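**Student:** Sequence and predicted structure are below.
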Amino acid sequence: MLLPDKATLARLLSHYRAHERAVLAQPHEPALRRRFEDCAYTLCVLMGERTAREAVHAAERYLNHGRPADRNRVSPAASPPSQSS
């Protein structure tokens with residue numbers, strides 16, 4: 001899996017937070033909302049997530065821990081109990 005450049009991702013996450021604050025301050029401004037949504041979309045693409053919230057969390061995990069979480073891996077607690085016949 002290709003991983004995004006950490007500096008680029010950190011910058012994008014910073015832009016996302018700034019756009020988020022701007023939209024919260026002026027929610028009816030279409031240009032602000034469009035920039036925020038564009039930034040959110042880019043985060044989703046870079047992190048391989050479907051929603052902006054998931055992408056932000058994945059980006060923060062990646063920047064703090066070095067690797068994004070593997071969505072295909074099943075944790076032992078989440079695996080179904082084995083059935084005995």
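**Tutor:** Okay, I see it.
**Student:** Can you show me the helices along this protein?
**Tutor:** For the chain, the helices defined by DSSP state H cover 6-25, 30-47, 52-65.
**Student:** Make JSON lines from the ones you listed and add mean neighbour count and mean pLDDT to it.
**Tutor:** All C-beta spots, glycine's among them, are computed from the backbone N, C-alpha and C. Below are those laid out as JSON lines (neighbours: other Cβ atoms under 10 Å; pLDDT from 0 to 100):
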{"stretch": "helix 6-25", "mean neighbour count": "14", "mean pLDDT": "96"}
{"stretch": "helix 30-47", "mean neighbour count": "16", "mean pLDDT": "96"}
{"stretch": "helix 52-65", "mean neighbour count": "16", "mean pLDDT": "95"}
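**Student:** who's in contact with the spatially most central residue of the chain?
**Tutor:** Geometric centre of the chain, nearest residue: Ala55, 1.1 Å, by Cα atoms, centre = their mean. Listed by Cβ atoms under 8 Å, 6 or more residues apart in numbering, the contact set of Ala55 reads 40, 43-44, 46-47, 49.
**Student:** again, only this time at 10 Å
**Tutor:** Contacts of Ala55 were listed using Cβ atoms under 10 Å, 6 or more residues apart in numbering, and they are 12-13, 16, 40-49, 68.
**Student:** Brilliant, that's me finished.
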